[in-house]
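Engineer: Provided below are the primary sequence and the corresponding predicted coordinates.
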Amino acid sequence: PRCERKLLFQWDAWNPTTMMGTLRATWDLEPYHASQDSAENVIVRYNSADGVQCGNCPKLKIDSKAGTKTFEMNMTSGWGRKDMEHCFLTRLFLGLNEFGHSKGTVTARFPCVYVRAN
């Protein structure tokens with residue numbers, strides 16, 4: 001059986017020498033609504049203290065109903081916090097109504113990860 005309506009976001013690899021992390025997203029979304037807006041159907045990093053999104057961090061674009069993608073992220077930036085907080089959220093487009101207007105988006109936050117220097 002196929003698992004539908006899932007969005008799994010996980011660490012795939014960690015390089016302590018370069019402080020680079022590889023993250024993997026796997027999804028099967030029903031329904032899926034394509035969006036040309038770069039702020040929709042994405043996984044992005046944000047600061048849990050004030051909700052500000054990282055402007056220069058890579059985004060993972062969800063561009064199909066189902067798929068898997070990985071991306072690398074420099075884990076040395078900790079928003080000025082010594083615990084090197086890394087929090088991610090997804091923002092999914094809900095489609096258009098019968099008048100052709102946006103139904104908006106839904107946002108879900110993943111548990112934060114902390115990279116500590118020993």
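Structural biologist: All right, it came through fine.
Engineer: return the distance of the lowest-mean-pLDDT helix or strand in the chain from the chain's centre.
Structural biologist: Counting by mean pLDDT, DSSP states H and E, the weakest-scoring helix or strand in the chain turns out to be strand 113-114, with a mean of 77. Relative to its chain's centre, strand 113-114 lies at 14 Å (Cα atoms, centre = their mean, to the nearest Å).
Engineer: distance check, the closest residue to Pro58 other than its chain neighbours against Asn15.
Structural biologist: Using Cβ to Cβ, 6 or more residues apart in numbering and skipping the chain neighbours, the partner closest in space to Pro58 is Phe71 (5.1 Å). The C-beta positions use only the backbone N, C-alpha and C, and glycine is treated the same way. Distance, Phe71 to Asn15, using Cβ to Cβ, to the nearest Å: 14 Å.
Engineer: wait, Asp28 sits on Ser64?
Structural biologist: No: between Asp28 and Ser64 there is no contact under Cβ atoms under 8 Å: 9.9 Å.
Engineer: who's more crowded, the two?
Structural biologist: Using other Cβ atoms under 10 Å as the criterion, Asp28 and Ser64 rank with Asp28 on top: 17 against 13.
Engineer: look up how far Asn15 lies from Thr90.
Structural biologist: For Thr90, the distance to Asn15 - Cβ to Cβ - is 25 Å.
Engineer: of those two, which one has the most company?
Structural biologist: Higher neighbour count among Thr90 and Asn15: Thr90, with 21 against 11, using other Cβ under 10 Å.
Engineer: excluding sequence neighbours, find me the nearest residue to that one.
Structural biologist: Ile43 (4.8 Å).
Engineer: which residues does that neighbour contact?
Structural biologist: The contact partners of Ile43, by Cβ atoms under 8 Å, 6 or more residues apart in numbering, come to 9, 25, 59-60, 62, 88-90, 110.
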